[in-house]
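[1] Take a look and give me a structure for this.
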Amino acid sequence: MMNRAKGPVWHKKDKERNIVPKKLHGLDKQATWSKSAYDNWVYGHGSFCIVTHDIPVVGCFMWMRNSANEAKRMYQEARHYAGILDHLVMDSKADDQHLLHDLKEQYNIQLVTSCRKHMDKSPSRKHMIALMNTHRLKQHFRQRSKTVEPMQGLIKDIFDIDRCWMRRDDNNRWLFAAMGLAVQIHQLDAYRNQRSTWNIKTAVLGEA
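    Numbering: from 1, shown residues only. Got it, this is the predicted structure:
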């Protein structure tokens, strides 16, 4: 998910030319631009999250460049889950037959994603689309909207990170890592005590 940078916005054209307007103070120069269907264009930092489906628990929550490729990051993180997970689910950003093949070949993990329209020209694409349209994989993809997306929203709500607290990559890298660790600790405690892994806001914030 995207988190707006602390301070003013550096216009995309100015950033590309490395021009900082004279009246632009407190600028986070390391933030980057990215666009989503929900948030439109955002100047800031990205955060990457993996959440399990059956029991909603955060596997990792970390900083990434706002402009970085999420599918490539998912592939990098997948090696930690080889032999543990059998499916990895991601939105259409992971619609790539090479990624599908590499995850299966390297880690024996089945990619589940949403295929883009009008991208069915080659035999490999047709095979991938047919696979994603099977009943079992479509069920896995629907489950994502009930676990991963709401969990990201919960983390964002707990830590109030619609806008980053600090500037610069290194600061936010450690900040997001600390957030992920805090959530994991309290979710593990809730799971061991047979409580909901969703109802952790009070525990994380330490409120009475």
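
[2] quick one: the strands in this protein?
    2-4, 32-36, 40-51, 58-65, 87-89, 110-112 (DSSP state E).

[3] out of those, which comes closest to Ser124?
    strand 110-112 (13.3 Å; Cβ to Cβ). The way it works is simple: take the backbone N, C-alpha and C, and place the C-beta from them, glycine included.

[4] any residues touching the closest one, and which ones?
    Contact with strand 110-112 is made by 86-90, 94, 99-100, 103-104, 132, 137, 140-141, as judged by Cβ atoms under 8 Å, 6 or more residues apart in numbering.

[5] Now those in JSON lines, please, with extra columns for neighbour count.
    Formatted as JSON lines, the contacts of strand 110-112 follow (neighbours: other Cβ atoms under 10 Å):
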{"residue": "Asp86", "neighbour count": "11"}
{"residue": "His87", "neighbour count": "15"}
{"residue": "Leu88", "neighbour count": "21"}
{"residue": "Val89", "neighbour count": "24"}
{"residue": "Met90", "neighbour count": "20"}
{"residue": "Ala94", "neighbour count": "22"}
{"residue": "Leu99", "neighbour count": "21"}
{"residue": "Leu100", "neighbour count": "21"}
{"residue": "Leu103", "neighbour count": "21"}
{"residue": "Lys104", "neighbour count": "12"}
{"residue": "Met132", "neighbour count": "18"}
{"residue": "Leu137", "neighbour count": "17"}
{"residue": "His140", "neighbour count": "17"}
{"residue": "Phe141", "neighbour count": "16"}
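
[6] Can you lay out the strands of the chain as CSV showing distance to Tyr81?
    Output for those, formatted as CSV (distance: least, Cβ to Cβ, whole Å):
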stretch, distance to Tyr81
strand 2-4, 24
strand 32-36, 25
strand 40-51, 8
strand 58-65, 7
strand 87-89, 8
strand 110-112, 12
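
[7] Can you say which of those is nearest to Asp189?
    Proximity to Asp189 (Cβ to Cβ) singles out strand 58-65 among those, at 13.1 Å.

[8] Give me the mean pLDDT for the closest one.
    Mean pLDDT, computed over strand 58-65, is 92.

[9] same deal with stretch 132-142?
    Stretch 132-142 comes out at a mean pLDDT of 93.

[10] Same question for stretch 7-22.
    On average, stretch 7-22 scores 92.

[11] what's the residue at the greatest distance from the centre of the chain sitting at in phi/psi?
    Largest separation from the mean C-alpha position in the chain: Lys22, at 34.7 Å (Cα atoms, centre = their mean). Here is the backbone geometry of Lys22 (degrees, to the nearest 10): phi -60, psi -30.

[12] about what we covered before: go through the contacts of strand 110-112 and name the one nearest His80.
    Leu88 (11.4 Å).

[13] Kindly state the beta-bridge partners for that closest one.
    When bridges are called by DSSP bridges, Leu88 pairs up with Leu111.

[14] any idea how far Lys72 is from it?
    According to Cβ to Cβ, to the nearest Å, Leu88 and Lys72 sit 13 Å apart.
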